[in-house]
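In: Here's my sequence, what's the structure:
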Amino acid sequence: MTPFLSDCPKPDTSWRAVVLFGRNVASYKFALAQSLLEMAERSTTRVLLSDLAEPFSRHLCQHLARVDRQGTSRSSRFLDTCRAFNRDEITATQLRDATTKLGFVNVIDAFHMVGKGPVPHRFFVDERTAGGPPAIRLTDELYKLRERFRADDLADETEARWRLVEGAWQYDLPRANVAVQLDSETQELFVQKVRRVSLSRVRPSLNGYQKGHCFYCGCDMPLAAADVDHFFPWMLRERGLMPDADGIWNLVLACRDCNRGEGGKFASVPSDRLVARLHARNSWLVESHHPLRETIMLQTGQSEEARRSFLRSRQQIARDALIHTWEPAEEHHD
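Out: Numbers count the residues shown, from 1 in each chain. Okay, the predicted model is just below:
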């Protein structure tokens, strides 16, 4: 079990692990995640694959219309069927039937797998071989997500992660040696190749790695209330002392009290303990694979020790310039 899971083994952590740390060889897992969140709003727990096919194929067709590359494989009979639907070459009924037959072959088995084993919580049970039409049964853990863990935020996080991954496929980002960057004005993440390409909004892209909590004090924090904060203050970039301060390695989400409330961080230097926490968060970005893995390694170093050394050097720059060290007055971490 990775530290991301063992530090906080709750249903939302398992869900985020599925979305953030999957193998990412195709986007089916993202489409199934979004479909499950939709299905959790209905009264039935047993869901026929023919019913699941509609939201599953709808999400994939929408993303194919935006980015045609939806996997590492160059060919897919099922994705070709979705493309045919987008071209009005087949009907919705034909798409549903093809999705029921082809769309769930691997993703149902693989959904709960992260690394070498399954996550602690399962969000459905496979009943394809239970007799009758193939189906899955939704579990109580999925309904807990809807009731207790701000499912709308989880849907936004899934969409943001999907857009980052498909952007990496589309532009071959690991091969191109291009880092994801922040646009401070639009609060979007983008890459610059021949032209600038927007990938995703920054808040939902980072929120899952903090499990919906303020990076500093750990309070429960709705996505809409999160501030995007420069861990080492942006003032250092303005002074020319830290030109890379807009890098993803330096971006966290904070509650308004920690970021700009009375006793907040403002232009102070975070403590050693918080620097260690930033290293752990950046390690999770590396574990989540493209394009954040490649971005963090390009910005801060190829090895874990190089990345630790990088943060120590940035911490020293900040201390020399800003002097004052800061920690939150109160913490709420699990």
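In: residue ranges with poor pLDDT in the stretch 201-334 of the chain?
Out: 333-334 (pLDDT under 70).
In: Strands of that one, start to end?
Out: 227-230, 251-254, 269-270, 325-326 (DSSP state E, counting those that start in this stretch).
In: What helices and strands are in contact with the last one?
Out: Same thing as strand 325-326. Counting contacts by 3 or more Cβ pairs under 8 Å, 6 or more residues apart in numbering; DSSP states H and E, strand 325-326 packs against strand 269-270. C-beta coordinates here come from the backbone N, C-alpha and C atoms, glycine included.
In: partners of the strand it packs on, with directions?
Out: Partner strands and pairing direction for strand 269-270 (DSSP bridges) are strand 325-326 (parallel).
In: Which one of the strands of the stretch 201-334 of the chain lies nearest to residue 104?
Out: strand 251-254 (33.9 Å; Cβ to Cβ).
In: helices or strands next to the closest one in the packing?
Out: Short answer (3+ Cβ pairs under 8 Å, 6+ apart): strand 251-254 packs on helix 202-207, strand 227-230.
In: who's in contact with the first one?
Out: Surrounding helix 202-207, the residues in contact under the criterion Cβ atoms under 8 Å, 6 or more residues apart in numbering are 153, 156-157, 159-161, 164, 182, 187-189, 223, 226, 228, 248, 251-253.
In: looking at the helices and strands packed on strand 251-254, which is buried most?
Out: helix 202-207 (a mean of 23; mean count of other Cβ atoms under 10 Å).
In: from the chain's centre, how far out does it sit?
Out: Distance of helix 202-207 from the chain centroid (Cα atoms, centre = their mean, to the nearest Å) equals 7 Å.
In: With stretch 266-274 instead?
Out: Using Cα atoms, centre = their mean, the offset of stretch 266-274 from its chain centre is 25 Å.
In: Identify each buried residue in it, please.
Out: By neighbour count on 16 or more other Cβ atoms under 10 Å, the buried set for stretch 266-274 is 269, 270, 274.
In: So which of those residues is the closest to residue 117?
Out: residue 274 (31.3 Å).
In: what about the closest one, distance to residue 74?
Out: Distance from residue 274 to residue 74, counting by Cβ to Cβ, to the nearest Å: 44 Å.
In: Need phi/psi at the spatially most central residue of the chain.
Out: For the chain, the residue nearest the mean C-alpha position is residue 161 (3.9 Å; Cα atoms, centre = their mean). Dihedral angles of residue 161 (phi, psi; degrees, to the nearest 10) stand at phi -60, psi -40.
In: ok, now which ones touch the nearest residue to it once chain neighbours are set aside?
Out: Once flanking residues are discounted, residue 161 sits nearest to residue 19: 5.4 Å by Cβ to Cβ, 6 or more residues apart in numbering. Going by Cβ under 8 Å, 6+ apart, residue 19 touches 29, 30, 33, 154, 157, 158, 161, 208.
In: correct me, but residue 273 touches residue 325?
Out: No. Assessed by Cβ atoms under 8 Å, residue 273 is found out of contact with residue 325, at 10.3 Å.
In: just to revisit the earlier point, quick one: which of the strands of the stretch 201-334 of the chain is nearest residue 129?
Out: strand 251-254 (42.6 Å).
In: Please identify the pairing partners of the closest one and their relative orientation?
Out: Here, using DSSP bridges, strand 251-254 pairs with strand 227-230 (antiparallel).
In: Identify the residues contacting the strand it pairs with?
Out: Counting by Cβ under 8 Å, 6+ apart, 182, 187, 202-203, 206, 215, 237, 245-246, 250-256, 258-260, 265 sit against strand 227-230.
In: Next, count neighbours for the closest residue to residue 214 other than its chain neighbours.
Out: Excluding the flanking residues, the one nearest residue 214 by Cβ to Cβ, 6+ apart is residue 255, at 4.0 Å. Number of residues near residue 255 (other Cβ atoms under 10 Å) recorded here: 25.
In: how near is residue 255 to residue 327?
Out: Residue 255 is 14 Å from residue 327, by Cβ to Cβ.
In: try residue 26
Out: Distance, residue 26 to residue 327, using Cβ to Cβ: 43 Å.
In: Between those two, which is the more surrounded one?
Out: Neighbours of residue 26 and residue 327, each counted by other Cβ under 10 Å, are more numerous for residue 26; the result is 22 against 16.
In: Report the separation between that one and residue 165.
Out: 10 Å.
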